[in-house]
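[1] Got a predicted structure here, sequence first:
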Amino acid sequence: MAEQQDQDDRTEEPTQRKLEEAINKGNVAKSQEISTLFVLGGFALATMLAAPSSAGILVEGLTAFLRNAHQVPGDGAGILAAARQAGLVMIAALAVPFVVFILAGLMGAGLQHRPLWATEMLLPKLERISPLSGFKRIFGAEALVNFLKGLFKIAIVGTLAAIVLWGERARMEELVTLDPRLMAPVISAIALKLLAAIIALFFFVAVADAIYQRFAWLKRQRMSRREIKEEFKQSEGSPEIRAKQRQIRMERARRRMMEAVPTATVVITNPTHYAVALKYEPGMAAPVCVAKGVDALALRIRERAREHDVPIVENPPLARALHASVELDAQIPVDHYAAVAEVIGYVLRLRRRRA
């Protein structure tokens with residue numbers, strides 16, 4: 001009941017991180033019909049390319065065996081030697097089709113997803129041997145879909161085979177009158193025609209099944225709101241950690257400002273609340289704010305300026321306006337050019353007088 005309730009709570013679409021974790025564990029969307037389609041295609045290809053040579057190898061090997069059957073000793077060693085020779089003939093005849101089958105199966109699996117090495121799928125799990133889980137796998141919704149899909153494939157393939165073979169009934173009736181050596185091309189042609197029809201049908205079945213498997217896989221990966229919140233906390237960090245990181249960033253920014261105050265040209269202040277340090281050098285388009293602060297931070301900026309003989313000018317309206325409108329390491333707004341130019345001009349004249 002609790003598991004059903006948890007499944008019902010999973011109403012949110014999975015995140016990219018959730019999908020990547022499932023893929024890395026070997027849980028991917030895959031359609032068995034795609035692999036079946038490729039195996040059928042490989043069988044058809046092997047029939048077209050390798051059937052004549054394989055048949056020739058079998059005929060030659062078995063003919064030689066049957067002609068010399070009377071020479072095979074009747075003891076155990078002779079029988080084993082004959083069986084070994086027959087096995088070698090079968091391997092030589094079926095090696096090419098077998099390789100084609102393997103390659104076709106690998107292509108069918110590789111087409112659906114990139115190769116993965118997921119050891120977690122090999123680990124034993126209690127749910128795999130649980131009778132309740134096994135009952136759900138056998139009588140669940142997915143098992144019902146697979147059962148109906150199997151019935152549909154049997155019915156449609158049987159119907160298709162009957163239609164194709166019914167159209168070839170005249171040629172099949174002639175097989176009994178043909179020389180055995182001439183039967184292979186006729187049987188091969190009928191088999192290829194039947195395979196082509198089945199492959200064409202399985203193409204649509206495989207495409208439909210691949211779409212359904214993708215939909216079902218995404219549905220299984222759905223998340224509850226609680227899982228999304230937990231993932232967000234894991235990826236972004238807890239509020240306490242984020243607050244600590246924000247505090248560290250602010251401390252670093254204050255340290256950089258304090259280091260930049262000695263390079264300022266002037267510090268414009270409201271006597272008790274605001275302080276804005278501006279830097280201007282010949283060739284600059286406009287003065288740049290290198291430090292600013294209020295209350296305790298403003299006091300530290302003023303103290304730092306006094307320690308390094310940076311001029312401090314009291315101008316409360318301008319200090320408040322600059323603190324509100326200019327960002328650190330940014331040029332002052334155009335609206336304040338005139339007022340700031342007057343202050344900087346005053347500072348420069350003062351420096352010349354002292355010099």
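    Done, it's in.

[2] Now do the same contact list for residue 14.
    Counting by C-beta atoms under 8 Å, 6 or more residues apart in numbering, residue 14 touches 22, 218, 221, 222, 223. Any C-beta I mention is one placed from the backbone N, CA and C, and that applies to glycine too.

[3] Compute the number of surrounding residues for the last one.
    Okay, so that is residue 223. The tally of other residues near residue 223 (other C-beta atoms under 10 Å) stands at 18.

[4] Walk me through the domains of this structure.
    Annotated domains of the chain cover 2-233, 258-354 [automatic domain parsing].

[5] so what's the closest residue to residue 263 other than its chain neighbours up against?
    Among residues not flanking residue 263 along the chain, residue 279 sits closest, at 5.9 Å (C-beta to C-beta, 6 or more residues apart in numbering). Residue 279 is in contact with 260, 263, 264, 265, 287, 288, 290, counting by C-beta under 8 Å, 6+ apart.

[6] Could you rerun that using 6 Å?
    263, 264, 265, 288, 290 (C-beta atoms under 6 Å, 6 or more residues apart in numbering).

[7] hmm, which of those residues are the buried ones?
    Listed as buried from the contacts of residue 279 are 264, 265, 288, 290; burial here means 16 or more other C-beta atoms under 10 Å.

[8] where exactly do the helices run in the chain?
    2-9, 16-24, 32-67, 76-112, 126-129, 131-139, 141-167, 169-174, 180-220, 225-236, 239-260, 296-307, 316-325, 337-354 (DSSP state H).

[9] Against which helices or strands is the fourth one packed?
    When contacts are defined as 3 or more C-beta pairs under 6 Å, 6 or more residues apart in numbering; DSSP states H and E, helix 76-112 packs onto helix 32-67.

[10] tell me, how many neighbours does residue 202 end up with?
    23.

[11] That one touches residue 39, doesn't it?
    No: applying C-beta atoms under 6 Å, one finds residue 202 not in contact with residue 39, separated by 9.8 Å.

[12] need the contact list for the residue nearest to residue 274 when sequence neighbours are not counted.
    Nearest non-adjacent residue to residue 274, counting by C-beta to C-beta, 6+ apart: residue 319, 4.2 Å away. By C-beta under 6 Å, 6+ apart, the residues touching residue 319 are 268, 269, 270, 274, 276.

[13] Kindly reformat the contacts of residue 14 as TSV containing distance to residue 246 and pLDDT.
    Output for those, formatted as TSV (distance: C-beta to C-beta, whole Å; pLDDT from 0 to 100):
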residue	distance to residue 246	pLDDT
22	33	77
218	36	84
221	33	83
222	33	83
223	28	82
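
[14] Throw together a ChimeraX command that grabs the buried residues out of those.
    Of these, the buried ones go into a single ChimeraX selection, burial set by 16+ other C-beta under 10 Å:
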select :22,221,223
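
[15] so where's the stretch 201-350 of the chain uncertain?
    234-239 (pLDDT under 70).

[16] now, which of the contacts of residue 14 sits nearest residue 102?
    Residue 102 lies nearest to residue 22 out of these, by C-beta to C-beta, at 27.5 Å.

[17] Could you report the separation of that closest one from residue 348?
    Counting by C-beta to C-beta, to the nearest Å, the gap from residue 22 to residue 348 is 67 Å.

[18] Repeat that for residue 331.
    In terms of C-beta to C-beta, residue 331 sits 19 Å off from residue 348.

[19] which residues touch stretch 336-350?
    266, 280, 287, 311, 313, 318, 332.
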